[in-house]
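> What shape does this take:
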Amino acid sequence: MKKNSGYLVLPLLLAAIVVMLIPQTGRAGDCCPICGKTAVESSAWAQVTALETKPTWSNAFAPRAFCFDPGTPDEEVMKLVNRIYNNPASYIASSRWTSTASGTTGGQGDPTVLTYSFVPDGVTVPDSPPPNGFGNQTNNIHAMMTAKFGSVAAGKAKFREAFNEWQNLTGLTYIEETNDDGAALFSSSGVLGVRGDIRISAVPMDGSSGVLAYNYFPNTGDMVLDNAENWQSSSNNYRFFRNVVSHEAGHGIGLSHVCPADCQFLMEPFVCTAYDGPQHDDIRGAQRQYGDTCETNNTAATATMLGAVSDGTTTMNNLSIDDNSDQDYYSFTVPTNRQITITAAPVGLFFDQCAQNQTCSCTSSDTTRTTDDQDLSLRLYDTNGTTVLAEASSNGYGLPETISATVLPGAGTYFIRVYPAGSVNAIQVYNLSFTLSPAILETATVTLPNGGESWTAGTNQTITWTTTNVTGNMLIELNRNYPIGTWETLFASTPNDGSQSWTVTGTASSSNCRVRVTSINAPSATDESNADFTIIVSTITVVVPDGGEVFNGNAMETISWTTNNVTGNILIELNRDYPGGTWENLATVPNAGASIALGGPATTNARIRLTSVNEPVATDVSDASFSIVVPNFAPEITHDPHGDGEPGNTVFTALVTDDAGPITTTLFYRASGGGAFSSTNMPVTGNPDEYSAILALTEGSYDYYIRAADGVNTVYTDTMSFDVGTCPTAISFDDGSAEGYNWAGETGFEWAVKYTPESYPFLLCGFEVAVAKFHPDTAHSPIQGRVYLADGTASLPGTMVLDETSGSIGNVVGGLPSGQVVWATVSTLDGSGDPLILNGPFYVSVGNPAQGKYEAFGRDDNTASANSYFFDGCDSLWFSEEDLVPNAQGGQRMIRLLGSSSPVPSDLVIIASGSDIVLYWADAGAPYYRVYSSTVSGGPFTTLEGSTSSTTFTDTGAADVDDFKFYIVVSSATP
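Numbers count the residues shown, from 1 in each chain. Take a look at the predicted model:
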C-alpha cells in the first residue's frame, strides 16, 4: 500500500476479484454523451471462480497484494511488481472464500462468517530474502498495538472498527477468534477455538512509508502490517489506520486493486483519507461475492422482517441484487386503513476503471456506469406472500421503479419483492424506500355547478370537480328535474382533469337541475351538485314581418319581435329567396325593435331571421314569406365643377346614387366656343357610388357635363367650363415640415405655409396641394386656396390678395385608395391669364369653406414646423403650428408653388450721348425695371435714378458731372 493524502494505489494485478469493464452505452436522459445499450453488459464484478481445490505455493510466491506509500522509490515498486508478474501462479481472479473455520460458505452472493486472530508475538513471518522480499522476520503485532494505541485491547478495537465497516455493508460476519496457536503462517487454515481464518501479524518491512502492508487472498486471507508506520495517527478517528486495514481486508475477501488511482475507491493501490472506509465500487465487489446485509432474504419465508412500521418514510441504502437470479424480500406490518408508496432506485456512478497494471492507468474505453447493470422490478404482495397487490417494472435499466399510493386491504404483514427483470449476470446496488400513510379513499366531489347558478342555453360553461385516489376517466350526467327526473349522459368518458367545457342545451327553462360525476374505474367515487341550479332557455319570436307583408325596399320599414331571457343586441338577417337563398346580414341592433330599408332586388319569397348575439340559441325566422317591392327613381349626380388646371391628365369624378340600377355614367366634353361634344365612359371606382374618367388636355378652354342613366331614367348635370394653361415648373419650398388635417362639421379652418423667394418680383400662377382620401368623400368638398401678404402682426398673414375656390378633392383623388397622396392644382391667374405678382414674403393657404364636408390634406411629420401656421376660427387668430401629426405619406410637402422669381436683367451696356448717359439691357421678362446708381464700384446702389417698362433708360445730364458713376438694373413688379 502506498500512502498519500489523496490516493491508495497498487500497480499489481493480484486482487482476487477483478473489475471487468465493458464500455457501456447510456439511454436517453442520461447525462453521459453516449446513448443506447447495444449489447449484454458484463458485470463490473466478474462471476466467481470456485476454489474448492486450493492451489499450493511456496511462501515466497504466495498470492498477496503489496501496498505502497508514495515515497517508495520506483525501483522498489517495480521489483515487487515484477515479482508478481513473473510468477504465473500468483494472479487469482474472481476468488471468494469457499471454506472457513465455520464450514463451507456456499456460492457467489451467499453470506459468509470469517474468524480472525492475532498471531502471537515471536512467531516467524516467512518471506523471501531481500531484494525479492523482506526476509523471515519475527511477528510483534501485540507489542505494536501496545506501542501505537496504548494497549492490545485498544489496538484490537481499531481492527474491529475496520472489519465492522465491511460487516455493516455486506453479507460478511467477522468474529474474533481469541485463540491463535502460532501455527505456520500463510498455510494453516482456520479452526474454531484454535486459530482464525484471517491471521494478523506485524513485522518491520522498509521503515516508515514505502510498503505499508500486504494481504493474502482467499482461502488464506492472512494480513501483515509494517510495524514502522504511523498507525497511531488519530486524525479523523484513526482513518489512516482504518482505511489501510479495511483495504487489506478487501484483499482478504477476494478483492484486488482497481485503477486508476484517483481517490474514488478503497481498493485503489494508494491510501486515500479523503473518504472513510469502503466506497461504492468496493461495496459492489464485496456484495457481488457475499450478498448485502439482508442476505438470505430470497423468499417470502426468509424475508427481511422490518416489523411494525409507523407512518412516514422508511429508507434502506446499499442493498443489492448480486446477479440475475437473486431476489430480495422484505416484510412489514401495518394497522388498518393504510396505503403505501414504494420505490426501488438503482444506485451507481459513471467512472473510469480497469484492473491493476504496472502503471495503474486506464484507456479511454475503460469506463463503466453502474446505475443500469440490472433492470429492477418491484412487487407488493398481500399477507399470504403470493397475491400480487401492485407491481412496477416498466421503466427499464437504470431507472427507479415506483408503486404509488396503493391501499392495503387491512391490518397484517405484507411483503415487498425486488428482483431483476433481465438476464444480465451482474450486480446492481439499489436503495429501497417506502412511505406509509393513512389510506385515502377514492372520492369525487362536484364543485361547479353546485347550487344557485344560472346557466343560459347556448352559452359555454365549465363543469368542475375534484377527486382523490381516482384513476381513469369520468362519467358526467345531468338531471333537469331533480330528484324525480332522469339522468341524461352529457359526457360518457372524459379525462379526470377536473374540468369539462359544456355548451348548455335545453328546450325549456328549469330551476331543478343537478350534475353528477362518477369515476368509471371506481364507481363508488361519485357525487352530485349539493343543491339545484337553473338552466335558462332564451327565446326570440319574429312579430313583423311574419308572412304576407309587402315592404318598400327604399323605405324604412319596422321589424319587431319579442324575447324571453335575452340580453344584449339582436342580429337581423334577410333571405330574399327562402329557403334556398343566402342570408344577408342587415344590422345588429339593440333588443328594442328596428327600422331598416331592405333595398333591392324585389322579391316575393323574403323572410327575416333574428338571433340573440349573447344567447345564439335564441333565434327565429318569419313563419311565412313576405314581399319586397323597389320603386325605380331617377339617379342623383353629385359633382363639383372642375377648376382651372395645367395641361396633362385631368380627373373628373362624380357620385351617382340610384334605387335600382345598373347605372351608366358618361362624361361629355368639348373645346369652348361651340361644336359637338365628345364622350367617354366613367367607370365605377373602388369607392362607394363613385365614377371617374381621365382626359388628356392641352392649353385652352373647355365645356363639359355628366350624364347618368339606370335603364329607365336619365339625368344630366349643367354644362360647366374651365381653362387649361401652362404655369412654370412647380417650386417645392421647404416649409419646415408641413402638417395637415382632416375635418368635418367644425368651425371654418385654414392652414398656411410661409414662402420667402430668393428674389423679387415673384410671379405666382398657381399652387399645388397634396390631398389624400382619409375619410369618405361623400360631399366632394371643393378646395379653397388663398394668398396673403406677410404684412400682419409679427409678419403673420395679413392682406389677402387672392381667394380662389377651385375644383374638388373628389376630382383629384378619384378612385385612389385611402391614404395615398396626389396633387390638386389651384390657379392664381387672372382673367387675362396673367400671374399674381408678389414683391415680398407671402403665405399660401388651404381651408374648409363649407362646414360639414370632408377634406383631407397630405401630412408630414419629419420635424416640428418652422413655417407652418393655422387659423383658429374660434379665436380668429393665426399661430405657428408646432405639433407633430401622424403622417400618411412621410416626406411629402403639403403645398408647392407654380411660379418663379423674375430673372436679373443681363447684357447691360452703358454709353455717353452728349451730356446724357444711356443704358441698354436684354429683356428679362419683368413688367418693370428699376435703375440704381452709386459713386463706388461696389455700391451700395442706393440712388434710384428711375424706372421703365422698356429695356433702355437715359440718365439726363449725368455726363456733365465731374465724378465716376456706377449703375445696376433690377427687375420689378411695380414702377
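> in what helix or strand does residue 511 lie?
Assigned by DSSP states H and E, residue 511 belongs to strand 510-519.
> Residue 444 too?
Short version, using DSSP H and E: residue 444 is in strand 443-448.
> Show the average pLDDT along the strand holding residue 511.
Averaged across strand 510-519, pLDDT comes to 97.
> thought residue 954 was touching residue 916?
Yes: assessed by CB atoms under 8 Å, residue 954 is found in contact with residue 916 at 5.2 Å. Backbone N, C-alpha and C define where each C-beta goes, glycine included.
> For the stretch 51-200 of the chain, which segments count as helices?
74-85, 141-149, 152-167 (DSSP state H, counting those that start in this stretch).
> List the buried residues in the longest one.
Applying a neighbour-count criterion of 16 or more other CB atoms under 10 Å, one finds 155, 156, 158, 159, 161, 162, 163, 165, 166, 167 buried in helix 152-167.
> Below-threshold pLDDT in the stretch 601-750 of the chain: ranges please.
Along the stretch 601-750 of the chain, the parts satisfying pLDDT under 70 run over 659-661, 726-749.
> ok, now with 50
732-745 (pLDDT under 50).
> ok, now the chain?
1-62, 83-94, 732-745, 774-779, 852-856, 858-864, 884-893.
> Walk me through the domains of it.
Taking automatic domain parsing as the domain assignment, the ranges for the chain are 2-290, 304-438, 443-536, 539-629, 636-724, 730-901, 906-972.
> Could you give the separation of the last one from the chain centroid?
The chain centroid and the centroid of domain 906-972 are separated by 83 Å under CA atoms, centre = their mean, to the nearest Å.
> hang on, the earlier thing: which strands and helices sit next to the strand holding residue 511?
Contacts defined by 3 or more CB pairs under 8 Å, 6 or more residues apart in numbering; DSSP states H and E place strand 510-519 against strand 443-448, strand 460-468, strand 474-479, strand 526-528, strand 533-536.
> Could you list the paired strands of the shortest one along with their orientation?
The partner list of strand 526-528 in its sheet, established with DSSP bridges, is strand 510-519 (antiparallel).
> which residues make contact with the strand it pairs with from outside it?
442, 444, 446, 449, 463, 465, 467, 470, 472, 474-482, 485, 487, 490, 496, 525-529, 531-535 (CB atoms under 8 Å, 6 or more residues apart in numbering).
> For ChimeraX, write a command that selects the buried ones of the residues you listed.
Burial among the contacts of strand 510-519 is assessed by 16+ other CB under 10 Å; the matching ChimeraX selection reads:
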select :442,444,446,449,463,465,467,470,474,475,476,477,478,479,480,482,487,490,496,525,526,527,528,529,532,533,535
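> Tabulate the domains of the chain (JSON lines), appending distance to residue 297.
JSON lines is the format used below for the domains of the chain (distance: least, CB to CB, whole Å):
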{"stretch": "domain 2-290", "distance to residue 297": "10"}
{"stretch": "domain 304-438", "distance to residue 297": "4"}
{"stretch": "domain 443-536", "distance to residue 297": "31"}
{"stretch": "domain 539-629", "distance to residue 297": "68"}
{"stretch": "domain 636-724", "distance to residue 297": "89"}
{"stretch": "domain 730-901", "distance to residue 297": "83"}
{"stretch": "domain 906-972", "distance to residue 297": "122"}
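> Give me the common contacts of residue 954 and residue 916.
What both residue 954 and residue 916 touch, as defined by CB under 8 Å, 6+ apart, is an empty set.
> And stretch 300-314, how far out from the chain middle?
That offset, for stretch 300-314, works out to 48 Å (CA atoms, centre = their mean).
> in that stretch, what's buried?
Under the neighbour-count rule (16+ other CB under 10 Å), stretch 300-314 has 300, 303, 304, 309 buried.
> then it to CSV, C-alphas only?
Only the C-alpha atoms of stretch 300-314 are listed here, as CSV (Å, rounded to 0.1, in the frame of the first residue of the first chain):
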residue,chain,number,x,y,z
ALA,A,300,-41.2,-14.6,1.4
ALA,A,301,-40.5,-17.2,4.1
THR,A,302,-36.9,-15.8,4.7
ALA,A,303,-37.9,-12.1,4.1
THR,A,304,-36.1,-9.4,6.0
MET,A,305,-38.5,-8.5,8.7
LEU,A,306,-39.0,-4.8,9.3
GLY,A,307,-41.7,-5.3,11.9
ALA,A,308,-44.4,-2.9,12.7
VAL,A,309,-43.8,0.2,10.6
SER,A,310,-45.1,3.7,11.6
ASP,A,311,-46.5,6.3,9.2
GLY,A,312,-43.7,8.1,7.3
THR,A,313,-40.8,7.2,5.1
THR,A,314,-38.5,4.2,5.7
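> In its sheet, which strands sit next to the helix or strand harbouring residue 318, and in what direction?
Element membership for residue 318 (DSSP H and E) is strand 312-321. With DSSP bridges as the test, strand 312-321 is paired with strand 428-438 (antiparallel).
> for residue 635, what are its contacts?
Here residue 635 is in contact with 656, 657, 658, 663, 708, 709, 710, 713, 715 (CB under 8 Å, 6+ apart).
> Now do the phi/psi pair for it.
phi -60, psi 160 (degrees, to the nearest 10).
> Residue 689 versus that one, what's the distance?
10 Å (CB to CB, to the nearest Å).
> try residue 698
From residue 698 to residue 689 the distance is 31 Å (CB to CB).
> Please apply the same query to residue 792.
From residue 792 to residue 689 the distance is 43 Å (CB to CB).
> what does residue 636 give?
In terms of CB to CB, residue 636 sits 9 Å off from residue 689.
> Same check on residue 333?
94 Å.
> try residue 166
According to CB to CB, residue 166 and residue 689 sit 103 Å apart.
> and if you look at residue 722?
Computed as CB to CB, the residue 722 to residue 689 distance reads 24 Å.
> More neighbours: these two, which one.
Between residue 722 and residue 689, counted using other CB atoms under 10 Å, residue 722 has the larger neighbour count: 19 against 16.
> I'd assumed residue 646 was in contact with that one.
No: contact criterion CB under 8 Å: residue 722 and residue 646 do not qualify, at 11.5 Å.
> Looking at strand pairing, list the partners for residue 752.
residue 845, residue 869.
> and it, how many residues sit next to it?
Neighbours of residue 752 using other CB under 10 Å come to 26.
> Identify the residues contacting it.
786, 788, 797, 843, 844, 845, 868, 869, 870, 871, 878 are the contacts of residue 752 under CB under 8 Å, 6+ apart.
> which residue sits closest to the third one in space, ignoring its chain neighbours?
In space, not counting the residues next to it along the chain, residue 797 is nearest to residue 788; the distance is 3.6 Å by CB to CB, 6 or more residues apart in numbering.
> Report the separation between that neighbour and residue 847.
11 Å.
> And these two? Which one has more around it.
residue 788 (25 against 19).
> And the more buried one, how far from residue 803?
Taking CB to CB, one finds residue 788 at 10 Å from residue 803.
> Also residue 754?
Applying CB to CB to residue 754 and residue 803 gives a distance of 18 Å.
> Just the strands from the stretch 651-800 of the chain, written as ranges.
Using DSSP state E, counting those that start in this stretch, the strands found in the stretch 651-800 of the chain span residues 664-671, 678-681, 690-697, 700-709, 714-716, 720-724, 730-731, 742-743, 750-755, 762-772, 783-789, 800-806.
> Same question for the stretch 301-450 of the chain.
Using DSSP E, counting those that start in this stretch, strands in the stretch 301-450 of the chain cover 304-308, 312-321, 328-334, 338-346, 350-352, 354-355, 367-369, 376-381, 388-392, 401-407, 412-420, 428-438, 443-448.
> All set now, cheers.
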